[in-house]
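In: Compute the structure for the input listed below.
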Amino acid sequence: MRALVFPAILVLVMAVIGHVLTLHLVPSVIMGTAMNRLAAQGAALHSFRLAPRTTPQTQLVVRPSPDLAYSICAYHLRGPQPLRIRAAAYDDYGSISFFDARTNNFATIRIEETAPDSSGPDILLRGPAGGEPDGLFDGHDLKSPTPRGLILIRRLAPTQQAYDRVKAIASADVCALSSSAGTISE
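Out: As a prediction, the model looks like this:
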């Protein structure tokens, strides 16, 4: 019986170490792979990119919804300069989700149905080293838990006609470094 105690403890310790490594390393590897894949496809940092309509030929992830149009923006907030995000208004379901470098969804904001001539939600995203809100900005003021991450806009577009409507408005989506709460850096 004593001969089995040490191997049992060793197996238990190795299982705990494997579990902890999996929980801490796998999300970072997944996000790193996603960001590298975006860069390889020519997606610029701090800029939204509308993905092609989801079909069996275009899907890059395991189960994207064929009823949604996706726009994605990779970010890297190195200092106090915030990122300004604005999603063009849409007359159907839409949301903006924020993911940190460990794949955690730390915020989701609904794109409300608004008048066609108005813009969608206005958001400032600050990195961990970013300053505190100055009180002058009246939109959503968020803080990313990590300097790097992804922002995903989802809009309902179950038909080619709906996807074409999204394509027409997606060019007005903004993901850009901001010099202050009110201006976007060029």
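In: Show me where the chain has its strands.
Out: 49-50, 68-76, 83-88, 94-100, 105-110, 119-126, 140-143, 148-156, 174-177 (DSSP state E).
In: Export these as TSV, with columns for distance to Ser28 and mean pLDDT.
Out: All C-beta atoms are positioned from the backbone trio N, CA, C, and that covers glycine. As requested, those are exported to TSV (distance: least, C-beta to C-beta, whole Å; pLDDT from 0 to 100):
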stretch	distance to Ser28	mean pLDDT
strand 49-50	22	84
strand 68-76	14	92
strand 83-88	21	90
strand 94-100	10	93
strand 105-110	15	92
strand 119-126	20	83
strand 140-143	20	88
strand 148-156	10	93
strand 174-177	22	92
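In: ranking these by burial, who's on top?
Out: Comparing the strands of the chain by mean neighbour count (mean count of other C-beta atoms under 10 Å), strand 83-88 comes out on top with a mean of 24.
In: so what secondary structure elements neighbour it?
Out: strand 68-76, strand 94-100, strand 119-126, strand 174-177 (3 or more C-beta pairs under 8 Å, 6 or more residues apart in numbering; DSSP states H and E).
In: Relative to Ala87, which of those strands is closest?
Out: Ranking these by proximity to Ala87 (C-beta to C-beta) places strand 119-126 first, at 4.2 Å.
In: Would you mind pulling up the elements that the lengthiest helix in the chain packs against?
Out: Secondary structure of the chain per DSSP state H: the longest helix is helix 2-40. In terms of contacts (3+ C-beta pairs under 8 Å, 6+ apart), helix 2-40 is packed against strand 68-76, strand 148-156.
In: ok, 6 Å please
Out: Based on contacts counted as 3 or more C-beta pairs under 6 Å, 6 or more residues apart in numbering; DSSP states H and E, there is no element that helix 2-40 packs against.
In: all numbers from here: first residue = 25
Out: Noted, 25 is the first residue going forward, which turns the last one into helix 26-64.
In: pLDDT on that helix, on average?
Out: Mean pLDDT, helix 26-64: 73.
In: and that helix with strand 92-100, angle?
Out: 100 degrees (axes from the mean of the first three to the mean of the last three C-alpha atoms, to 10 degrees).
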